[in-house]
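**Q** can you look at this prediction? I've put the sequence above it.
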Amino acid sequence: MNTALMSDREETVLSQRETPHLSFSRIDRYLHCPEQYRLYYIENLRPRVLAASLVFGKLIHQALHALFSSKADPVMCFRDSWQAVKQVGLDYSQKESWEKLNASGQALLEKFLKEELRRLGDIKGSETPFELTISGFDLPLIGVMDLVGEVDEKRTVVDFKTSGSSYNEHEVILSDQLTTYQLAEPEAEQSAFCVFVKTKEPKIEWHFAKRGGEQVMEFLGKAGYVARQITAGHFYKRSGLWCAWCDYLPVCTEDKQKASETLVQIAPAPSP
């Protein structure tokens, strides 16, 4: 399996960076389960068989980046890259197949070109990295903004998402990811999720948000806490119902045979 597909898109874009750092994805994973964070980011363990939906989302992102960075045809980019993974053993849900996702990806991108692209203008950057040094943090906060430009003539940081269903409003209101973008691009009038919804009739939804000072301070307090915990090496198992669908359950239950069968280390763990 291509190790690039096994890494977060954020980690792929920032692959040259070796020094410890924070990002939205890292904060989110640590808060979900510190031990999962350790196994993913420190031990570099990944599932041997990747979820088709995750690969699909990564290739949609690549196609959109090709559109905004070099004016390439995103439908053709997606079609070619999805064809390249046809023989890869991906984990498809009961409702998924290579053929269904192939049709869905092309239909969504065609819909974006036809109905949504006209809303965008004055593109400042696509997949733009950022790094923030924040007072009191043990680690820098870094990330990648999918798109910086105007949406309906308002300067906006856009994050593209793929989903099997529409987003709930609370997901936007409470999103730490959008708060991170507010910090990274303070001149932006708003941030937004542009969601490619993989329903039978493809949909593209926009969800806009603007963060106030109280929300930003709440996020900074949370991020600072996570930074201190990671620097101190505090990793513990946060057990719950979610363990049943966690890729790392065999490690936590000490099922070495299943762990060996289902997980692979994509890079050596750092020396103690």
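**A** That came through, no problem. Model, not experiment: these values are computed from the prediction.

**Q** dump the helix or strand containing Glu171 to CSV, restricted to CA.
**A** In this structure, Glu171 is located in helix 169-173 according to DSSP states H and E. Listed next in CSV are the C-alpha coordinates belonging to helix 169-173 (Å, rounded to 0.1, in the frame of the first residue of the first chain):
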residue,chain,number,x,y,z
GLU,A,169,-25.4,22.7,12.3
HIS,A,170,-23.7,22.0,15.7
GLU,A,171,-20.8,20.4,13.9
VAL,A,172,-20.1,23.8,12.3
ILE,A,173,-20.7,25.8,15.5
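
**Q** packing partners for the helix or strand just after it?
**A** On the C-terminal side of helix 169-173, the closest following helix or strand by DSSP H and E is helix 176-184. Helices and strands touching helix 176-184, by 3 or more C-beta pairs under 8 Å, 6 or more residues apart in numbering; DSSP states H and E, are helix 24-32, strand 120-132, strand 141-151, strand 154-163, strand 190-197, helix 213-231. In short, each C-beta sits where N, CA and C put it, glycine included.

**Q** next, the buried residues of the first one.
**A** If you call a residue buried by 16 or more other C-beta atoms under 10 Å, then helix 24-32 has these buried ones: 24-27, 29-31.

**Q** do the shortest one as well
**A** Of the residues in strand 190-197, those with enough neighbours to count as buried (16+ other C-beta under 10 Å) are 190-197.

**Q** and the angle from the next helix or strand after that strand to strand 154-163?
**A** Next helix or strand after strand 190-197 toward the C-terminus (DSSP H and E): strand 203-209. Relative orientation of strand 203-209 and strand 154-163, computed by axes from the mean of the first three to the mean of the last three C-alpha atoms, to 10 degrees: 130 degrees.

**Q** strand 203-209 - contacts with which helices or strands?
**A** Partner elements for strand 203-209 (3+ C-beta pairs under 8 Å, 6+ apart): helix 169-173, strand 190-197.

**Q** ok so, going back, closest one to Leu220 out of the buried residues of helix 24-32, please.
**A** When those are compared for distance to Leu220 (C-beta to C-beta), Ile27 wins out at 10.9 Å.

**Q** and that closest one, what does it touch?
**A** 176, 222-223, 226 (C-beta atoms under 8 Å, 6 or more residues apart in numbering).

**Q** please name the spatially closest residue to Asp159 (chain neighbours excluded).
**A** Asp146 (5.0 Å; C-beta to C-beta, 6 or more residues apart in numbering).
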